[in-house]
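Peer 1: after the sequence you'll find the predicted model.
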Amino acid sequence: MVTITISGTPGSGKSTIASLLKERLGLPYVYSGLIFRLLAEKHQMDLAEFGRYCEQHDDIDRELDDKQLEILRKGDVILEGRLSGWIAFLNDIPACKVLIDADIVVRAQRVVTREEGTVDQRKKEIILREENEWKRYKRYYNIDLKDTSPYDLIIDSSEKTPEEIVEEIITFLK
C-alpha cells in the first residue's frame, strides 16, 4: 500500500506534481483544494474572503479535514492538501508526507500564469491567504504550518521542473 500526501504553499506546484505522480504511479489522486474552492464559489466569495469567513466558521475546515482523514485511512492514494501531511502525522497514518515550497515571487508568477492578474496582486493575496490559514489551523488544531517536522521530504520547487520533483519523490519512495 502506498499513500502519499502532497502539502505546501499556494503556487508551489502541488497540483501539477500530484497529477504527474498519479500518472506515474497509477494511484487515485484527491485534491482537497478543489473542494475548498468549490465551497468558496458556493458562498460567492473569492479565496481570500472565504478564508476570512472560515476563520469564523470552523465547520467548513473541519468537514474538509474529516474527509481527508477518511481518505487517508483507506490508503493507496495521493492526497493533496494544505493539511494532508499533518493529518496523516497526527493520526499515525503511514504515508510518505511531502512538503512543496517555493519563493513567494515564483509562486505569485505561477498563480498569475494560471489565473491572470499581476504578480504584486497575487503576492498580496497569497500572503493574506497564508496568514488566514496559519491562524485557523493554529486555533483549530494547534498546528503551526511553519513547522516542517512531520514531513518526510521537503522540496523547494523554485528552480526545479515538476518532472524533476516527481523523480525525487519516486526515488525517495524506493
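Peer 2: Perfect, thanks for sending it. Numbers count the residues shown, from 1 in each chain.
Peer 1: count the neighbours of the nearest residue to residue 60 once chain neighbours are set aside for me.
Peer 2: Leaving aside its sequence neighbours, residue 60 sits nearest to residue 54 (CB to CB, 6 or more residues apart in numbering; 5.2 Å). (C-beta placed from N, C-alpha, C; glycine too.) Neighbour count of residue 54, defined by other CB atoms under 10 Å: 24.
Peer 1: show the subsequent helix or strand relative to the stretch of helix or strand residue 54 belongs to.
Peer 2: Element membership for residue 54, per DSSP states H and E: helix 47-56. Sequence-wise, the next helix or strand downstream of helix 47-56 (DSSP H and E) is helix 58-74.
Peer 1: buried ones in that following helix?
Peer 2: 60-61, 64-65, 68-69, 71-72 (16 or more other CB atoms under 10 Å).
Peer 1: next, the angle helix 47-56 makes with it.
Peer 2: 90 degrees (axes from the mean of the first three to the mean of the last three CA atoms, to 10 degrees).
Peer 1: which elements pack onto helix 58-74?
Peer 2: On a contact count with 3 or more CB pairs under 8 Å, 6 or more residues apart in numbering; DSSP states H and E, helix 58-74 meets helix 32-42, helix 47-56, strand 77-80, helix 84-90, helix 119-141.
Peer 1: so for residue 105, which of these sits nearest?
Peer 2: The minimum distance between residue 105 and these falls on helix 119-141, with 6.7 Å, by CB to CB.
Peer 1: ok so, going back, for residue 150, find the nearest of the helices and strands packed on helix 58-74.
Peer 2: With CB to CB as the measure, helix 84-90 is the member of the helices and strands packed on helix 58-74 nearest residue 150 (3.6 Å).
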